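*Asks:* sequence first, predicted coordinates after that:
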Amino acid sequence: MSALVTTPFGARATARDVVDGVDLGGRRYVVTGGGSGIGAETVRALAGAGADVVIGVRDTSRAQAFVDEVSSRDARGTVTAVSLDLADLASVQSFSSGWEGPLDGLVANAGIMAIPTRELTPGGWELQLATNFLGHFALASGLHDALASAAQARIAVVSSTAHLRSPFVFDDPHFEVRPYDRWAAYAQSKTADVLLAVAASRRWADDGITANALMPGWITTNLQRHLDDATLRAMGAMDETGNRIEQDFFKTPEQGAATSVLLVASPLVAGVSGRYFEDNQEAETIQETEGHNVGVAAHAVDPDAAERLWDYADRALRDRKIWRVRARTTPRTDVDKARNHRWHRAAPGSAALVTGGPRGG
């Protein structure tokens, strides 16, 4: 077994620290959920280093203020918001088919957590699994050709330490038989995210695409919006008077975004693929997960499970007749390649916005 990958960046490093001195001029990225939380800090760091970044968000009008703020400050690249609802495969298809030109990196960041009751998409998928995994699977697949046309494109999939709590349950992934449990559903979706990176790293290696998964850390963001006060208190995140508590091990959003940025932009991990990182280091594989809050579960990096899940998701997309979106590409030698996206209509450093989309968020 190869040695674990290490970097000089610790748990408290920020996304900007990771790309300090790195020139991303001319590079193009997609960040899902890039309008808030660690997604927003991922965008700040990438754009600040010169990259052109498209953020996929459910409600582009709500993202306008963030786009304007980043564009008016120290961003050297452009930031554009485009409608994307990961739970709606038609929305994913629209996003993918609208892309033109090479794509240097995809940060699969958006997600939902601990939905109180079992909810299904129109396609019959449990909502957390559909949003956190299937939507990103469809998006990455739809953008595959754009990624392949870039030199050494990278994918970073944001997972969670929650993946330690559940493997992917192939016999009942949508809780049709077993009682619904919001934490089990979330944990399964986060395992699926790691398996997505593992499978993509194997299937797309010949295309020059690398894929890794990561745990960003404990951060207070909108991800916790479905948690009631009793749950937050039980987690030690709220006191008896309703005030949020920041434990010593919590990170800021800027720190939480560091590992995502490391994996898609740092030369230190160029060529690294199929791994799981936390605190900017590759994590140790854990065979027995009981009592562990760090490391990556063996069930999440099992190549056989990764291939099985890929085939399962592939069939779901084929059944909906959207597999597989072919992205139009243009040569990287084009001096205007950073503007080849049909949504890029604004001058460098300014904001562009496309409104619409089936859901708000």
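*Replies:* That came through fine.
*Asks:* in the stretch 151-300 of the chain, which spans are helices?
*Replies:* Assigned by DSSP state H, counting those that start in this stretch, the stretch 151-300 of the chain shows helices spanning 182-203, 229-234, 253-256, 258-265.
*Asks:* hmm, residue 150 is touching residue 106, no?
*Replies:* No: using Cβ atoms under 8 Å, residue 150 makes no contact with residue 106, being 10.4 Å away. C-betas here are computed from N, CA, C, even on glycine.
*Asks:* buried deepest among the helices of the stretch 151-300 of the chain, which one?
*Replies:* Comparing the helices of the stretch 151-300 of the chain by mean neighbour count (mean count of other Cβ atoms under 10 Å), helix 258-265 ranks first with a mean of 30.
*Asks:* can you list the neighbours in contact with that one?
*Replies:* 7, 9, 13-15, 17-19, 22, 24, 27, 29, 38, 42, 45-46, 49, 51, 104-107, 109, 154-156, 158, 212, 214-217, 268-269, 272, 277-280 (Cβ atoms under 8 Å, 6 or more residues apart in numbering).
*Asks:* the same query, at a cut-off of 6 Å, please.
*Replies:* 13-15, 18-19, 42, 45, 105, 107, 154, 156, 212, 214, 216, 277, 280 (Cβ atoms under 6 Å, 6 or more residues apart in numbering).
*Asks:* stretch 49-57 now?
*Replies:* 19, 22-25, 27-32, 34-35, 43, 46-47, 63, 76-82, 84, 338.
*Asks:* repeat for stretch 157-175
*Replies:* With Cβ under 6 Å, 6+ apart, stretch 157-175 has contacts from 108-109, 118, 126, 178, 184, 186-188, 190-194, 196-197, 213, 215-216, 289, 292-293, 297, 299-300, 309.
*Asks:* so what's the residue nearest to residue 303 when sequence neighbours are not counted up against?
*Replies:* In this structure, residue 303 finds its nearest non-sequential neighbour in residue 198, 6.2 Å apart by Cβ to Cβ, 6 or more residues apart in numbering. Residues near residue 198 by Cβ under 6 Å, 6+ apart: 274, 301, 306.
*Asks:* got those as a markdown table, with pLDDT, distance to residue 167 and neighbour count columns?
*Replies:* Converted to a markdown table, the contacts of residue 198 look like this (pLDDT from 0 to 100; distance: Cβ to Cβ, whole Å; neighbours: other Cβ atoms under 10 Å):
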| residue | pLDDT | distance to residue 167 | neighbour count |
| --- | --- | --- | --- |
| 274 | 98 | 18 | 19 |
| 301 | 98 | 11 | 21 |
| 306 | 98 | 12 | 24 |
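*Asks:* kindly indicate which of those lies nearest residue 92.
*Replies:* Ranked by distance to residue 92 (Cβ to Cβ), the contacts of residue 198 are led by residue 306 at 20.7 Å.
*Asks:* where does this protein dip in pLDDT?
*Replies:* Scanning the chain with the threshold set as pLDDT under 70 gives 1, 218-249, 292, 321-361.
*Asks:* if the residue most central in space within it is in a bridge, with which residues?
*Replies:* Among the residues of the chain, the one closest to the centroid is residue 108, at 1.8 Å (Cα atoms, centre = their mean). Each beta-bridge partner of residue 108 is listed here: residue 157, as defined by DSSP bridges.
*Asks:* if we can go back for a sec, filter the contacts of helix 258-265 down to the ones in strands?
*Replies:* Counting by DSSP state E, these place 105, 107, 154, 156, 212, 214, 277 in strands.
*Asks:* picking that back up, quick check, nearest of the contacts of helix 258-265 to residue 91?
*Replies:* residue 107 (17.9 Å).
*Asks:* does the residue lying closest to the closest one once chain neighbours are set aside count as helix, strand or coil?
*Replies:* Closest residue to residue 107 apart from its sequence neighbours, by Cβ to Cβ, 6+ apart: residue 31 at 4.4 Å. Per DSSP: H, G, I helix; E, B strand; the rest coil, the secondary structure class of residue 31 is strand.
*Asks:* quick revisit: pretty sure the residue nearest to the centre of the chain sits against residue 136.
*Replies:* Yes: counting by Cβ atoms under 6 Å, residue 136 is a contact partner of residue 108 at 4.1 Å.
*Asks:* which of residue 150 and residue 106 has more neighbours?
*Replies:* Neighbour totals were compared for residue 150 and residue 106, and residue 106 leads with 27 against 21 (other Cβ atoms under 10 Å).
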